[in-house]
Every structure is written in structure tokens, then in C-alpha cells.
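Got a sequence here, can you model it:
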Amino acid sequence: MYKSPSARSSDDNAAGAEAVPLQSLKRTSIDSLASSDLSQLLADDASDNSSLETPVDGGRQAWIVFGGCWIIEFMIWSLPLSYGVFQEYYSNHELFKSSTAIPTVGTLTAGTSNLCMPFMSMVAARWPQYRRTQMIAGWVICVLALIGASFANSIETLLLCQGFLYGFGWVTHYTPVMFILNEWFDKQRGLVYGILFSASGVAGLDQPALLNWMLRTFDFKITFRVYAVAIICVSGPGLFLIRSRDVPRKLLVPTKALTSLRPIVRSLQFQLIAFAVFVQGLGFFIPRIYINSYSSDLGLSQSLGAFLLALISLSQVCGQIGQGWVSDRLDVRIPMAVSTLLCGLAALLLWGPAKTVWPLMFLALIWGLLSASYSVLYSRMCTFLVGKEDIDRDSVVMLMYGIFSFERGISGAMAGPISSWLIGSSEQTIDLAAYGLGKYAGIVWFTGICMLVAATMGI
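Numbering: from 1, shown residues only. Below you'll find the predicted structure:
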């Protein structure tokens, strides 16, 4: 790679530093990141070498980078979390209502994102000089996926575009973003991840109502195209704000990465934590899927059911920030065990016996605060397991994060069929005097036991 004379002199003082790309020689300060120059947008390093002197966990540039990440999370990942609105719409649309694969569109988005995380982590770690290119490519795929979905005339097109391509685009974009964030934050990483993950929860407070209005007023074709334009206009500027910290990076060789991971994954501590992540994922999705139908079978209004879902989203925002803050200050096993223990007890003692809306409201609060925010702890689980000694710590941490995300994808995919089998036929009789109304007793017990088992693994 070409180096300027100034870059060569810098190498004399910092051996092993990366070559300075030719494009960066004409780059201005961080204040000019919004330039429309394409080479500047694709450049991987921060605006100048002064970022190396900027302290980690602070400084204006670090929070500018974080702001760009938050905007994109707010716009892009909030859409799959509102899939329930699309599912209801498709179920009554002439083109799709006869299909049994409508629920699969939503689960395919999250499943693709989680299952591809380990592989995208390897790509971002192996070729760090192309992280911004990877990030922008994923963002473009998300936009194109929505445009493609707007031309759908069959459920297969929705599965491909809204399901697979949107999830693949998101994980392609998001993986290098997490690498970049880890360069700017270390001691405050848990808090930063918590605030970042809360972005989709903030959007979830009003986005379902807005999407429902657009779908009813126009149709899915117009809705997808308008949202694609909104992503470009709102989150597009965020791409200019996300810059790698100008630090020396070591290319990750896959065989060396596996060598670094092997003693960790063989340890009992890793296996217990990995099992806790998997089991927690089995129970995590179920209340969010069924709390609306449970309230309906209790005879409560549809508006109360929607309110319970909104309450989960609202408490999720607070929970993600709180879990991140706590994980920066305590051994990560403490919030792991406490959050799953309280969720397990809430499922068994609040959900099962619930005969009015009040126990369901407390369940929604606890579930949003402690269960929906559990994934915020993944980052601290990884740093806890890797420790401080690894020579390429951040890359190994991200590869392990990919393993946990892969587990979440598998458990999430399994949760749907398991819960369907446990709940039985939709025609099953409701017994208002029975635990879990009779019909829901199986999934209540399954959810509670999964959470309690995950709690014991976190100790």
C-alpha cells in the first residue's frame, strides 16, 4: 500500500502501524465528515492521526461515532421488531393470506442476522482495512431489500427480500460497526452497548402504529418504498460519522483465531455461559409472542394487548441502558444470574396465575427490563472470558460474540416450533380457573424453567 513520507516517518515511531491510505492525505478534520466525497466516505481510518491520542471511552470523536451508530440502529433494526404489524396485514392481504409461511418472514430476518454473525466477524477481523466498505455495503443491501420487497407478488419474494436479504444486509453492516465501537470504548462498553441497543426500543414505541397507519392508508408497496427513502435520509448521514480509531491493527489469521479461541471454548466457564445464553434464548421470545393472545383470551380489549407490547418496549429501553451500566461495574455473572432468576419467577408467579391485566403489566415490565436486555451482556461475557492477555483481544472478543449470536439464532428458531407444540391447537378450550388458562400452561412452565436453568448456569 502506498505511504507518504509523513506516514513513513510516523512508522519509525510506531512500528506495525497501518499504512495511511492515499485518500486520507486530503482528509480534513472530524467536522467535515459530512462531505459528499465518496473516497472519504469509504476511507477506513479516522480523520487524522490525532485520534490515536484521543483517550478511549471519551472525547468528542468517540461520541460522534457512537451517535452515527445509534441513528442507524434506530432506523434499520427497529423495522424487524415491528413485524407483528406486517404479519397481521399479510394475513388479510389477497396475495399472501393463503400462505402458512407468513410468520417465517419475520423470524428469517433475525435468524439470518444471528446465524451469519460468526462468519461476518471473521471477515471484519481478517480484513480490517475494508470494515467501512463492508459497513456501507450492508446498509445498501438493506435499502435494496426493502425496494425489492415492495415489488413482491408472492410470499417467496417477501421471504427472499424482507426476510433473508434484509437480515443479511443488517449483519453485514452491523458487524464492522461493533468492531469500530470497540476501538473507541472499553471500560464504558457495557453502557454504550446498552444505549445503542435501546435505539430500536425507542423506535418501537411509536413505529408499529405508524407502520399500521401506512399499510392501511396506502399499501405495503408504498410503505416499503417510503421507509427505504427514510433510511437513506435519516440514517445515511450517520455513515459519515462512523470512523475507525486510527490505531495499529493486526490482521487476523483464521488459524490463529481458532488457536486463541480453543482453550477458551474448552473451559468449563465458557460452556456454562454458552449454555445459559442458549437456554435463555429459548424462553426469551415466548412472552412477547403470546402475551397479546393471552390477554385476549382473558377477555381484555385489543388495545390493552397492544399496550402490554408497548410496555415491554418501553421497559426494554430502560433495561438495556441499566444492564449495560451494571455490567461495567460488576462481575457480568451477577446481572446474568439475577436477570434470568427474576424473569423465571415472573413467568411462573405472575403469568401463570394471571386473571387480570395487572399481573400481565408487571410481567411486561420485568420482561422488558431484564430479559429483553439480556443480549446487552454478551459483550461483557466475551471480555470476561477472553481476559486481558490476548494479543488480539478485540478480534477474539468479536468472534466469541458471533458464537453467542449464533446460539441466539438457533434457540430463537427452535422457540417457535416448541411453543406451538406446547400450546397445541388454537381451538383448545380456555379454562379461566386453571393455571395459564389451561391452554398456555405448557409454555408458561417452559419459559419459567428455561430462565431458572439459565440463572443457575450464570452463577
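
What ranges does the stretch 1-150 of the chain have for its helices?
5-13, 38-42, 60-76, 78-81, 83-91, 102-126, 131-149 (DSSP state H, counting those that start in this stretch).

could you dump these to CSV with distance to residue 310?
Yep, even glycine has a C-beta here, placed from its N, CA and C like the rest. Listed next are the helices of the stretch 1-150 of the chain as CSV, based on distance: least, CB to CB, whole Å:
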stretch, distance to residue 310
helix 5-13, 53
helix 38-42, 37
helix 60-76, 17
helix 78-81, 12
helix 83-91, 12
helix 102-126, 18
helix 131-149, 24
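
so which of those helices gets nearest residue 304?
Across those, residue 304 has its closest neighbour in helix 83-91 (15.5 Å, CB to CB).

ok so, going back, quick one: which of the helices of the stretch 1-150 of the chain is nearest residue 377?
Nearest to residue 377, of these and by CB to CB, is helix 102-126 at 15.7 Å.

Mind giving me the packing neighbours of that closest one?
helix 78-81, helix 83-91, helix 131-149, helix 155-158, helix 166-184, helix 254-265, helix 393-423 (3 or more CB pairs under 8 Å, 6 or more residues apart in numbering; DSSP states H and E).

Just the C-alphas of the helix or strand that the last one is followed by, formatted as PDB.
Following helix 393-423 in sequence order, the next helix or strand is helix 441-458 (DSSP states H and E). Taking C-alpha atoms only, helix 441-458 is exported to PDB below (Å, rounded to 0.1, in the frame of the first residue of the first chain):
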ATOM      1  CA  ALA A 441     -49.800 -23.700  31.000                       C
ATOM      2  CA  GLY A 442     -47.200 -25.600  28.900                       C
ATOM      3  CA  ILE A 443     -45.400 -22.500  27.600                       C
ATOM      4  CA  VAL A 444     -45.600 -20.800  30.900                       C
ATOM      5  CA  TRP A 445     -43.800 -23.700  32.600                       C
ATOM      6  CA  PHE A 446     -41.300 -24.000  29.700                       C
ATOM      7  CA  THR A 447     -40.400 -20.300  29.800                       C
ATOM      8  CA  GLY A 448     -40.000 -20.200  33.600                       C
ATOM      9  CA  ILE A 449     -37.900 -23.300  33.700                       C
ATOM     10  CA  CYS A 450     -35.600 -22.100  30.900                       C
ATOM     11  CA  MET A 451     -35.000 -18.900  32.700                       C
ATOM     12  CA  LEU A 452     -34.300 -20.600  36.100                       C
ATOM     13  CA  VAL A 453     -31.900 -23.000  34.400                       C
ATOM     14  CA  ALA A 454     -30.100 -20.100  32.700                       C
ATOM     15  CA  ALA A 455     -29.800 -18.400  36.100                       C
ATOM     16  CA  THR A 456     -28.000 -21.400  37.700                       C
ATOM     17  CA  MET A 457     -25.600 -21.500  34.700                       C
ATOM     18  CA  GLY A 458     -24.700 -17.900  35.300                       C
END
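
Could I get the buried residue list for stretch 98-116?
The neighbour-count check on stretch 98-116 (16 or more other CB atoms under 10 Å) flags 99, 102-116 as buried.

Nearest to residue 367 among these?
residue 110 (17.3 Å).

Return the residues in contact with residue 86.
Contacts for residue 86 (CB atoms under 8 Å, 6 or more residues apart in numbering) come out as 105-106, 162, 211, 215, 220.

ignore the last one, residue 241
By CB under 8 Å, 6+ apart, the neighbours of residue 241 are 33, 64-65, 67-68, 71.

How about residue 168?
Contacts for residue 168 (CB under 8 Å, 6+ apart) come out as 112-113, 116, 138, 141.

What is the nearest of those to residue 237?
For the contacts of residue 168, the nearest to residue 237 is residue 138 (16.7 Å; CB to CB).

contacting residues around stretch 186-201?
With CB under 8 Å, 6+ apart, stretch 186-201 has contacts from 56-57, 66, 69-71, 73-74, 77-78, 81, 181-182, 185, 313-314, 316-318, 320-328, 368, 372-373, 375-377, 379-380, 383.

For the buried ones among those residues, write the corresponding ChimeraX selection.
Those of those that count as buried under 16+ other CB under 10 Å are selected in ChimeraX with:
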select :56,66,69,70,71,73,74,77,78,81,181,182,185,313,314,316,317,318,320,321,322,323,324,325,326,327,328,368,372,373,375,376,377,379,380,383
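
follow-up on the earlier one: want to throw the contacts of residue 241 into TSV with pLDDT and distance to residue 285?
Listed next are the contacts of residue 241 as TSV, based on pLDDT from 0 to 100; distance: CB to CB, whole Å:
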residue	pLDDT	distance to residue 285
33	38	38
64	91	35
65	91	31
67	92	30
68	93	30
71	93	27
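
just those residues now: which is nearest residue 265?
Once CB to CB is applied, the member of the contacts of residue 241 that ends up nearest residue 265 is residue 65, at 30.7 Å.

how far away is the residue nearest the centre of the chain from residue 336?
Centre of the chain computed as the mean C-alpha position; nearest residue by CA atoms, centre = their mean is residue 197, 6.5 Å away. As judged by CB to CB, to the nearest Å, residue 197 and residue 336 stand 16 Å apart.

repeat for residue 206
31 Å.

Just the pLDDT for the closest residue to residue 93 other than its chain neighbours.
Nearest residue to residue 93, sequence neighbours excluded (CB to CB, 6 or more residues apart in numbering): residue 220, at 7.4 Å. Looking at residue 220, its pLDDT reads 93.

same question, residue 44
53.

Who are the contact partners of residue 437?
294, 297-298, 430-431.

quick one: which of these is most hemmed in?
Greatest neighbour count in the contacts of residue 437, by other CB atoms under 10 Å, goes to residue 294: 24 neighbours.

quick one: contacts for the spatially closest residue to that one that is not a sequence neighbour?
Spatial nearest neighbour of residue 294, chain neighbours left out: residue 440 (5.7 Å); criterion: CB to CB, 6+ apart. Residue 440 sits next to 290, 294, 297, 351, 423 when contact means CB under 8 Å, 6+ apart.
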